[in-house]
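# I would like to see how this sequence folds:
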Amino acid sequence: MGKDSKPKEAKGKGKQAGGGSDETASKGKGKAGKSADGLGTCTYVKVNFNLDISARHVLCEKQGKINEAYKKLQDGWLNNGDKVPPAEFAKIAAEYSECPSGKKGGDLGWFPRGKMAGPFQEVAFNTPVGATSAPFKSTHGYHIILCEGRKN
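Numbering: from 1, shown residues only. Coordinates of the predicted model:
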């Protein structure tokens, strides 16, 4: 009986710890939370100018209109090497954006990788925090993004 109880205890502990031996659990822990690109599996981007509002952008159907909005950002800040103040980006979004979010200064909320269409996601996740993207095209039209924060 004593011999039978020890292996049963070991199996029980293995199941409670994740269904495998300590060696298997260690290997699993090393991989947990990592994706193939080495980033966390739940990465979010905040495209915004207020810390309490998650994501913002300017969306225009015509390239000429988005270029006009971007020129205002360039003339006011970007040509001087400055970052666009969040409140000013919000004004540009409210004035130029044709997205319903334009009425709220371009607010899109927090979003994870995989939620937005290809080009939008790529630009959003590759724009440094505090920086403004150059105009780019997606399936919805032409955009400018202000990235203000990231969280996992």
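# List the contacts of Pro128.
Pro128 makes contacts with Cys147, as judged by C-beta atoms under 8 Å, 6 or more residues apart in numbering. Yep, even glycine has a C-beta here, placed from its N, CA and C like the rest.
# Work out for me the element it sits within.
When elements are assigned from DSSP states H and E, Pro128 belongs to no helix and no strand.
# Look up phi and psi at it.
When quoted as degrees, to the nearest 10, the phi and psi of Pro128 stand at phi -60, psi 150.
# next one: Pro119
phi -60, psi -40.
# residues in contact with it?
Counted by C-beta under 8 Å, 6+ apart, Pro119 has contacts Phe136, Lys137, Ser138, Thr139.
# roughly how far apart are the second one and Leu59?
Going back to what we said before, that points to Lys137. 11 Å (C-beta to C-beta, to the nearest Å).
# More neighbours: which of these two?
Leu59 (25 against 12; other C-beta atoms under 10 Å).
# check contacts around the closest residue to that one other than its chain neighbours.
In space, and not counting its chain neighbours, Leu59 is closest to Cys99: 3.9 Å by C-beta to C-beta, 6 or more residues apart in numbering. Residues in contact with Cys99 (C-beta under 8 Å, 6+ apart) are His57, Leu59, Gly106, His140.
# Secondary structure element holding the second one?
With the criterion set as DSSP H and E, the secondary-structure element containing Leu59 is strand 57-60.
# Could I get the average pLDDT for the following helix or strand past that strand?
Proceeding C-terminally, strand 57-60 gives way to helix 63-76 as the next helix or strand, assigned by DSSP H and E. Helix 63-76 carries an average pLDDT of 96.
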